[in-house]
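Need a 3D model of the sequence below.
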Amino acid sequence: MTDPTLRRLLAITLFSLLSACGGGGDSNTGSAQTPNVSVVPPATAVPSDPAAPGTGTPGDTIAPPPLTTPPASQAATTFTRQEASRFLGRATFGPDMAAIDALAASDSDVWFRAQFSKPQTLHRKYIDAMLAAQAAGGQKVGFTRVYETFWQQGIRGEDQLRQRMAFALSEIFVISMQNESVRPQVRGVASYYDMLGQHAFGNFRDLLEGVALHPMMGLYLSHLRNQKESATRTPDENFAREVMQLFTIGLYQLNADGSLKLSGGKPIDTYTHDDVAGLARVFTGWSWAGPDQSATRFYGGTADPDRDWKPMQNYAAYHSSGDKRFLGQSISGASSGQADLKLALDTLFNHPNAGPFFARQLIQRLVSSNPSAAYVGRVSAAFANNGSGVRGDMQAVIRAVLLDPEALAPAGTTLRTGKLREPLLRLASWMRAFDVKPASGPYSIYYLDDPLNGLGQSPLNPSSVFSFFRPAYVPPNSALAGAGLVAPELQITAEPSVTGYLNFMQEAINSGVGESREVKPDYTRELALATDTAALLDRINLLMMHGSMPARLRGQILTAVNGISIPAATASNAAQVATAQANRVKLAIFLTMASPAYLVQK
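The predicted structure is shown next:
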């Protein structure tokens, strides 16, 4: 990719992208090598992928939860191919052409039923297979194995809605491998992600309990080995605070549509420090699972072989025997740890804030940074009642988020819809669109955290319990701030990360990703359109931008791509023809993914 036209367009695009993000500067994009596009990786999982769908052993999967019936008022939605692509861009890690055509030929109800019914393949089983290989003298299993199974299932898994939901939930119910206690627990981290996926289609109350009792959350927010109060000790308040502030009810009381309740013109606090202190007593006595309640096991000296993924158990000797008061509840000191936990989680689950607080966050992760109050209210209502009197039905909530009239409204309406695509989702959408996979071996995509040399994001590795970015982040001194709007993903967006993204994707599109660039795209179908650049761009537009590419951008990309001449074929220049065709394809994809119109998902 050393054509002068290409290099000029890269420079122009970089400048326009930085300007759109409020920055400035330039960067040397460098040259890249042309990959061998004559070798097409196999479409099926290779035997060395121990947890690949369809290759696992019995016990590798979990059966899906029962299907719930959507309310009669929610009619099935049909889609054009462009609408199907747009829907899949939110509900999955990205559309491919087969998924677009299948959804366009069906309807939303059929699609949801199929997705809700797919079994779950366990990430923990992938790690277990790696650990077995290690025990037999194989490579040591480190935290990068979590990334392997994340990308393999996220890109190749047929249960795309579950994959996308698990990632969204991981950005709400946060643990991070940046924590020194969590990072070595490779099996535990994989199982935490499994737990989020398991409950993604169940009930929010069960999800909340799964989060509260998972040992990785216990390590991350320090309520594992949390002990009852004494003359010299107060219970750790970390999880008690965050389970309210970040996971369930938030800082301020909300109306059913997510708007703030006010008193004297000021927001009303949802809880006080006394509530935190009372709830902290509930979360005492919880530690590693095992067959007994010995002090040695509580402190971690006697390790059950599956303690890194089994729910924590309560140790009566370390659980607070004092009274516990929080959020209007009062618990007698004679109650057990299990009973205390049940009442606490039931109270949070039934709090009037729980529905609108969770609804807004899930809408932000999947559809729009600034949903209207009416949108939040409709999703909150589905949380409160799925149409059959059930509260917290995740299937109903997911349907409500993705099928809301505001979500389905055509781009370009007066609604303030849309969100900035976070870097991991940009990479995932490219991988899904162009069947990116290793010819053999694992998805070795590891160190993406550096914003200048990577993407500024690695899965399950945010910098804090607030995730990669805060839901209410407002870019300071910006037009968004003046309009009273939030843009969470812009918290990790600046000149270094914009430049880093462009450089990263240029190399990825050209040569592949991962160790030794061994995870490669398949551009076979695009190469067949290299001489018909309008058709080529139509295909890329549908896959990456859901048919919404602005006419001006389309014209600019077509001009650039047509600027790469393809020599007339002769008996001796097949390599030159192939190189020119490949450069056309890669330039069209890169300029699409570099454009602000792609980066802002509408």
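
can you pull out the strands in the stretch 151-300 of the chain?
262-263, 266-267, 286-287 (DSSP state E, counting those that start in this stretch).

how about JSON lines for these, with mean neighbour count and mean pLDDT added?
From N, CA and C alone the C-beta is placed, and that goes for glycine too. Rendered in JSON lines, the data for the strands of the stretch 151-300 of the chain read as follows (neighbours: other C-beta atoms under 10 Å; pLDDT from 0 to 100):
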{"stretch": "strand 262-263", "mean neighbour count": "10", "mean pLDDT": "97"}
{"stretch": "strand 266-267", "mean neighbour count": "11", "mean pLDDT": "98"}
{"stretch": "strand 286-287", "mean neighbour count": "26", "mean pLDDT": "98"}
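
Relative to residue 134, which of those is closest?
Residue 134 lies closest, by C-beta to C-beta, to one member of those: strand 286-287, at 26.9 Å.

Sheet-wise, list the partners of that closest one with their directions.
Pairing partners of strand 286-287, with direction, according to DSSP bridges: strand 313-314 (antiparallel).

quick one: the partner strand to chain centroid distance?
Computed by C-alpha atoms, centre = their mean, to the nearest Å, the chain-centroid distance of strand 313-314 equals 30 Å.

For the following helix or strand past that strand, give me every contacting residue.
If you walk from strand 313-314 toward the C-terminus, the next helix or strand you reach (DSSP states H and E) is strand 324-326. For strand 324-326, the surrounding residues in contact (C-beta atoms under 8 Å, 6 or more residues apart in numbering) are 271, 274-276, 278-279, 281-282, 330-331, 333, 340, 344, 347.

By pLDDT, rank these and give me the bottom one.
Ranked by pLDDT, the contacts of strand 324-326 bottom out at residue 333, which scores 84.

Shouldn't that one be within a strand?
No. Looking at residue 333 with DSSP: H, G, I helix; E, B strand; the rest coil, it is coil, so not inside a strand.

what about it, how many neighbours?
The burial metric for residue 333, expressed as a neighbour count using other C-beta atoms under 10 Å, is 12.

I'd assumed residue 319 was in contact with it.
No. In this structure, residue 333 is not within contact of residue 319 by C-beta atoms under 8 Å, at 10.0 Å.

that older thread, tabulate the strands of the stretch 151-300 of the chain (JSON lines), appending distance to residue 440.
Rendered in JSON lines, the data for those read as follows (distance: least, C-beta to C-beta, whole Å):
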{"stretch": "strand 262-263", "distance to residue 440": "60"}
{"stretch": "strand 266-267", "distance to residue 440": "56"}
{"stretch": "strand 286-287", "distance to residue 440": "42"}
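
quick one: which of these is nearest residue 351?
Distances from residue 351 to each of these were compared using C-beta to C-beta; the shortest belongs to strand 266-267, at 15.9 Å.

quick one, what contacts residue 602?
Under the criterion of C-beta under 8 Å, 6+ apart, the neighbours of residue 602 are 86, 411-412, 417-418, 548.

State the pLDDT value of the most centrally placed residue in the chain.
Nearest to the geometric centre of the chain sits residue 167, at 2.8 Å (C-alpha atoms, centre = their mean). Looking at residue 167, its pLDDT is 98.

That one contacts residue 154, doesn't it?
Yes. Under the contact definition of C-beta under 8 Å, residue 167 touches residue 154, with a separation of 7.1 Å.

Give the residues shared as contacts by these two.
residue 93.

quick one, helices of the stretch 301-450 of the chain?
Counting by DSSP state H, counting those that start in this stretch, the stretch 301-450 of the chain forms helices over residues 337-350, 354-366, 373-384, 394-403, 405-408, 423-433, given from the N-terminal end onward.

In JSON lines, list those helices along with distance to residue 498 and mean neighbour count.
Listed next are those as JSON lines, based on distance: least, C-beta to C-beta, whole Å; neighbours: other C-beta atoms under 10 Å:
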{"stretch": "helix 337-350", "distance to residue 498": "39", "mean neighbour count": "18"}
{"stretch": "helix 354-366", "distance to residue 498": "21", "mean neighbour count": "24"}
{"stretch": "helix 373-384", "distance to residue 498": "30", "mean neighbour count": "22"}
{"stretch": "helix 394-403", "distance to residue 498": "29", "mean neighbour count": "24"}
{"stretch": "helix 405-408", "distance to residue 498": "27", "mean neighbour count": "17"}
{"stretch": "helix 423-433", "distance to residue 498": "10", "mean neighbour count": "23"}
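
from what I can see residue 327 touches residue 347, true?
Yes. Under the criterion of C-beta under 8 Å, residue 327 makes contact with residue 347 at 5.4 Å.

re earlier: can you tell me which of the helices of the stretch 301-450 of the chain comes nearest to residue 186?
Nearest to residue 186, of all the helices of the stretch 301-450 of the chain, is helix 423-433, at 19.6 Å by C-beta to C-beta.

Show me how far stretch 341-357 is from its chain's centre.
Using C-alpha atoms, centre = their mean, the mean C-alpha position of stretch 341-357 is found 24 Å from that of the whole chain.

check contacts around the residue nearest to residue 173 when sequence neighbours are not counted.
Take residue 173 and drop its neighbours on the chain: the residue closest to it by C-beta to C-beta, 6 or more residues apart in numbering is residue 211, 4.7 Å away. By C-beta under 8 Å, 6+ apart, residue 211 lies in contact with 173, 195-196, 217, 243, 247.

can you check residue 381 too?
For residue 381, the set of contacting residues under the criterion of C-beta under 8 Å, 6+ apart consists of 256, 355, 400.

Looks like the second one contacts residue 380 (just checking).
Yes. At 4.0 Å, residue 355 counts as touching residue 380 under the criterion of C-beta under 8 Å.

hey, what's in contact with both of those two?
residue 256.

How many residues are close by the residue nearest to residue 165 when sequence neighbours are not counted?
If the residues on either side of it in the chain are set aside, residue 165 comes closest to residue 200, at 4.0 Å by C-beta to C-beta, 6+ apart. Neighbour count of residue 200, defined by other C-beta under 10 Å: 24.

Could you tell me the per-residue confidence at residue 200?
The predicted local distance difference test score for residue 200 is 98.
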